[in-house]
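Colleague: Quick one: sequence and predicted model below, then my questions.
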Amino acid sequence: MSHFSLGILAITGTLVASLPTAYADDLKVESAWARASAGRNGAAFVTVFNGGNAPDRLVGVASPVAPDVMVHRSFEEGGTMKMEHIAATPIDAGQRIEMKPGGLHIMLVNLKQSLKKGDQFPLSLTFERGGTKETTVTVYGPGAMEPK
Ligand SMILES: [Cu+2]
């Protein structure tokens, strides 16, 4: 019942804006890291946990380190790795989404400066229901497969 009524609320922006702030706290960004950049573009990875009882969607990403920031998904097709832009990433209630190399990632396009190991930079994630979350990304080595 509660899931049903929340679904209706999501349809109209004014009602979403009046939802209690508790919803925003249900979303946790548990890890945010990036690879040191080799060229003009970089990749960052976050783990997001939806601890609430309603689904949400990641609909925007932004960072001062690059003018164009977007969610991408890597996939293999005909033996080549390709990437596609994902406009909205659904996160079910209770679901944890872990971005990682070879899968979902945040593409930092046309970096203003290269990302070096040990650097940190801000990243904001905007969720349809939960609003905008700010996090700090830590840069690891250029071939890092996980945050270390
Ligand atoms: Cu990409």
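Modeller: Great, that's in hand.
Colleague: For this protein, give the residue positioned nearest to the ion.
Modeller: H72 (3.2 Å; CB to the ion). Placement of C-beta: from N, CA and C, glycine included.
Colleague: Okay, now the sheet partners of the helix or strand where that residue lies, with direction.
Modeller: H72 is part of strand 68-77 when elements are defined by DSSP states H and E. Paired strands of strand 68-77, with direction, are strand 80-85 (antiparallel), strand 104-109 (antiparallel) (DSSP bridges).
Colleague: Would you check that the residue of the chain closest to the ion makes contact with A87?
Modeller: No - H72 sits out of contact with A87 when judged by CB atoms under 8 Å, with a separation of 10.9 Å.
Colleague: okay, the strands paired with strand 68-77, which one's buried deepest?
Modeller: Mean neighbour count (mean count of other CB atoms under 10 Å) peaks for strand 104-109 among the strands paired with strand 68-77, with a mean of 20.
Colleague: Could I get the strands paired with strand 68-77 in a markdown table, plus columns for distance to the ion?
Modeller: Formatted as a markdown table, the strands paired with strand 68-77 follow (distance: least, CB to the ion, whole Å):
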| stretch | distance to the ion |
| --- | --- |
| strand 80-85 | 4 |
| strand 104-109 | 4 |
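Colleague: mind putting the ones you listed in a markdown table, mean pLDDT included?
Modeller: As requested, the strands paired with strand 68-77 are exported to a markdown table (pLDDT from 0 to 100):
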| stretch | mean pLDDT |
| --- | --- |
| strand 80-85 | 95 |
| strand 104-109 | 98 |
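Colleague: Can you tell me which of these is nearest to A38?
Modeller: strand 104-109 (12.2 Å; CB to CB).
Colleague: What's the first helix or strand after that closest one?
Modeller: strand 120-127.
Colleague: Please name every helix or strand in contact with that following strand.
Modeller: Packing partners of strand 120-127 (3 or more CB pairs under 8 Å, 6 or more residues apart in numbering; DSSP states H and E): strand 27-35, strand 42-50, strand 56-62, strand 131-140.
Colleague: Neighbouring strands of the shortest one in the sheet, and parallel or not?
Modeller: Strand pairing for strand 56-62, using DSSP bridges, gives strand 89-91 (antiparallel), strand 120-127 (antiparallel).
Colleague: returning to what we had before: which one of the strands paired with strand 68-77 lies closest to T135?
Modeller: That would be strand 104-109 among the strands paired with strand 68-77, by CB to CB, at 10.8 Å.
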